[in-house]
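Participant: What follows is a predicted protein model with its sequence.
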Amino acid sequence: MKMLNQVKITFASRSVNEGFARAALAAFLVQLDPTVPQLADLKTAVSEAVTNCIVHAYPDAIGPITLTAGLYEGGLVRITISDRGVGMDDVAKAMEPMYTTGDPSERAGLGFAVMQSFMDKVRVSSTPGKGTRVTLTKRLEARD
């Protein structure tokens, strides 16, 4: 499938940058003329992925998060959020609803479930000590 456009942004794993990631993605996606619900779905999924990096990848430090968004023919959007943090031993376990490595009184453990509910496909790869990569894919239907 032919790529039409791409953007890559790297920012620090500070909580204030979650809003930046959402806004930057929205600005990039405007060229597709998405509907408000489509844009909200994409922004929500990205928010969850970036928040996971901020909270879990760098628990005691600030590190880089990279967001790459690609637009392809047929309205396909592919977004990758990656970090070079602590990584995960068991991706399947981490993707189970209600599972969290954080404080359960502060974290619901629903980040991956939320991403899956808004995207067509969510793929996660991780290596302990080297980081995690979350790839979100969604095909935007053309407006009527």
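Facilitator: Cool, the structure landed.

Participant: Sort out which residues of the helix or strand encompassing N17 are buried, please.
Facilitator: Using DSSP states H and E, N17 sits in helix 16-29. Across helix 16-29, burial judged by 16 or more other CB atoms under 10 Å covers 17-18, 21-22, 24-25, 28-29. The way it works is simple: take the backbone N, C-alpha and C, and place the C-beta from them, glycine included.

Participant: pLDDT averaged over that helix, what's the number?
Facilitator: For helix 16-29, the mean per-residue pLDDT is 96.

Participant: Output the helix or strand hosting L39 as CSV - backbone C-alpha positions only.
Facilitator: Assigned by DSSP H and E, L39 belongs to helix 36-52. Presented in CSV, the C-alpha positions along helix 36-52 are these (Å, rounded to 0.1, in the frame of the first residue of the first chain):
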residue,chain,number,x,y,z
VAL,A,36,-15.1,14.4,14.7
PRO,A,37,-15.8,10.9,16.0
GLN,A,38,-13.0,9.5,13.8
LEU,A,39,-10.6,12.1,15.2
ALA,A,40,-11.7,11.5,18.7
ASP,A,41,-11.1,7.7,18.4
LEU,A,42,-7.6,8.2,17.1
LYS,A,43,-6.7,10.8,19.7
THR,A,44,-8.0,8.7,22.5
ALA,A,45,-6.0,5.6,21.4
VAL,A,46,-2.9,7.7,21.1
SER,A,47,-3.5,9.3,24.5
GLU,A,48,-3.6,5.8,26.1
ALA,A,49,-0.5,4.6,24.4
VAL,A,50,1.5,7.8,25.3
THR,A,51,0.2,7.6,28.9
ASN,A,52,1.4,4.0,29.1
